[in-house]
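S.K.: generate coordinates for the sequence data below:
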Amino acid sequence: MKIKLALINLSLIIFVIGLFSAVGIGMQSGAVIVLVSSALILAVYVIQIIQSIGQDRLWRVRNLLYTLAIPVLAVIFIHGFGVSIDMPLLGNVPSFSSAYLASGLLLVSLFLAGSIRAVSKLDNRKKRLLLITIFSIASGVSALGLFGMAGIVPFSGWVITYSLLFLALSYLIFFVTMVFSSTKENKAESLVLVILSGAMTFFLMARIYFPHMLPLGFASAIITFGFVPALILPLSISYTNKFHFFTVFVLYFLLLDVYFIHYDRNFSYLVDVGVNGCVGYEDATAYPINSDPGIAMEELLKEPTANELNAILTEWREKDFTPSQIQTEFSEVRPNGDSLKVVSHLVNGRKHYGLIRIPKGVNISQAPILLGLMGGGTGIDVLKTSDLDRLSSGKCRALLDNYISIMPSFRGNIVRGEGFCFRSEGYAGDVWMGAAEDAVAFLEAVKLMYNKPTNVKTLAMGTSRGATVALIIGGLTNKSDYIIATSTHTKFLDRYVVDNEIVGNSYSRAFYTPKASPEEIRKRLITSSPYYFLNNLPAFELHQGTEDQKTTIWHARALEKRLSEIGRNDSTNHVYIYDGKGHAYDDDNIVCASLRRFLKE
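M.R.: Numbering: from 1, shown residues only. A predicted model of the protein is given here:
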């Protein structure tokens, strides 16, 4: 039994090493190490099956637990590795949210079943019942936390962490009593477990109550994810002979750590900035999340008046986007001769960054600007140099050599590449209205840097959040001449969006925060809804898949209906609907043709 546990411990350590390798060294190195850890886990399972066949005990409870653990470990390992390389390996799989919740509940059930089985051989019936009660309470609280995170019940996911603290503290008390009441044989084991359960208790208390004790970085992440598998678990396996339920708890803790890895601030920091830190990371703005708009939803979401729309248009026409304190923070010439720059400038007194690519041999004075706008959400998003090259598909990537390609890092977001990392100041949750302001400000900074005229030909293109930002810019300013929008939101003042779409869960962060008057919150919603400013849009094209779950077909249909109502059914706009396609899908041939046509106009 101890050999199997040792192999599981080793596999978990190797898996954690694989995650950090993926972050610090590269995806391929991390993948190889993660696969080795997965192979070890499978080896334990195969050994158990072979032994069971030999003993004719294939259907024992232990084997059932091993069998159920396999899909849970698969989801946890794949999801954890996906987080480490910042790619949703499972996130785009249909019904992943349900599978993720199911695997979490199964993990809780395995903990409960494994713990009960581990105490079944204890001699003292009262102690057995006490421990089973403790297991059951902690499991029930964890299940409520999982349902709460899924939005099914009104509970916070934090209760899961408190359930772990409850377990560690309960074990500490239990083993202290055992030191004074056990036989000499059990007393030594109990004493070791007092130390280990005490260490787990203080470790959990530090994580809950002093999360900023250590500065964000590689060392902090190593301690967070390495302390238990490298020290607590091997000692527990080595010294536990009777109280195996503590080892079950430690394994449960480790698997929950990986299950929730995308919520861990230390690991998220490493994924975002790498192992070398990031300039300005702590300078971004954070606000307490406001969940109350201060007005009834019916009033908040009612159609805007002509006065409200005119006020917004006037405000944006009078906005001063004049750039200031423009600086080149990083510059390199790529092996192919292209020039890459990271440029900083001030937006309303806050420092922002953006990427610029100047293709080799391009005529800077005559080249149009391609304003690329990245997708993302209300958290921290990372703009990478590779995003500049992915503005078009491989079919027509050569067309980008005729543009000055630029991409702003929106407020609170990061721009990162080989040898540099910068974070723009501001509130990352201001994902539409604020992002549109940032994009226009960066565009004006680039024009000034390269002595481009105010009316330089500019094509704005983006996907998801970036698509909406492109349409906002087109509707409220005269800064773009053509727009390519893929998978976009168009209207936020609608109860359907709040109640039925993923984005409905983001209203608190995106619109209600920072706390403001109901009138100001309504202005944020209206300004972020290009649906109301279609009359002012330049020529544009919109691409939308019918099976998109993030930016649903509802938005494209609403836009089509609005275009018909205002009588804009001409060749200046095209809405392309793709049956059966999901998020971020477009027709490469159409997009390439548009990029090519814009160069000739």
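
S.K.: how near is R465 to L373?
M.R.: 8 Å (Cβ to Cβ, to the nearest Å). Where C-beta positions appear, they are placed from N, C-alpha and C, glycine not excepted.

S.K.: who touches both of the two?
M.R.: A435 (Cβ atoms under 8 Å, 6 or more residues apart in numbering).

S.K.: neighbour count for the two, which is higher?
M.R.: Neighbours per residue (other Cβ atoms under 10 Å) separate R465 from L373, with L373 holding more: 30 against 26.

S.K.: restricting to C-alpha, output the helix or strand hosting R524 in CSV.
M.R.: R524 belongs to helix 518-527 when elements are defined using DSSP states H and E. What follows is helix 518-527, C-alpha atoms only, in CSV (Å, rounded to 0.1, in the frame of the first residue of the first chain):
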residue,chain,number,x,y,z
PRO,A,518,-27.4,54.4,-11.5
GLU,A,519,-27.1,57.1,-14.2
GLU,A,520,-23.4,56.5,-14.6
ILE,A,521,-23.8,52.7,-14.7
ARG,A,522,-26.5,53.1,-17.4
LYS,A,523,-24.1,55.3,-19.4
ARG,A,524,-21.5,52.5,-19.2
LEU,A,525,-24.0,50.0,-20.5
ILE,A,526,-25.2,52.2,-23.3
THR,A,527,-21.7,53.3,-24.4
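
S.K.: return the distance of that helix from the chain's centre.
M.R.: Remark: helix 518-527 is offset 26 Å from the chain centroid, using Cα atoms, centre = their mean, to the nearest Å.

S.K.: please, where are all the strands along this protein?
M.R.: All strands of the chain, identified by DSSP state E, fall at 324-333, 339-347, 350-358, 369-373, 382-384, 404-409, 414-417, 420-423, 458-463, 482-486, 539-545, 573-578.

S.K.: how far away is the spatially closest residue to R568 that is not a sequence neighbour from G475?
M.R.: Nearest residue to R568, sequence neighbours excluded (Cβ to Cβ, 6 or more residues apart in numbering): L534, at 6.4 Å. Applying Cβ to Cβ, the value for L534 to G475 is 7 Å.

S.K.: who's more crowded, the two?
M.R.: Shown here are L534 and G475; by other Cβ under 10 Å, G475 has more neighbours (25 against 19).

S.K.: quick one, domains of this structure?
M.R.: 2-273, 293-600 (automatic domain parsing).

S.K.: of those, which is nearest A284?
M.R.: With Cβ to Cβ as the measure, domain 293-600 is the member of the domains of the chain nearest A284 (4.5 Å).

S.K.: model confidence over the longest helix seen in the chain, on average?
M.R.: In the chain, assigned by DSSP state H, the helix with the most residues is helix 27-54. Helix 27-54 shows a mean pLDDT of 81.

S.K.: just how off-centre is it within its chain?
M.R.: On Cα atoms, centre = their mean, the centre of helix 27-54 falls 28 Å from the chain's centre.

S.K.: repeat that for stretch 86-103.
M.R.: Stretch 86-103 has its C-alpha centroid displaced from the chain centroid by 12 Å (Cα atoms, centre = their mean).

S.K.: before we move on, what about stretch 146-153?
M.R.: The answer for stretch 146-153 is 18 Å, by Cα atoms, centre = their mean.
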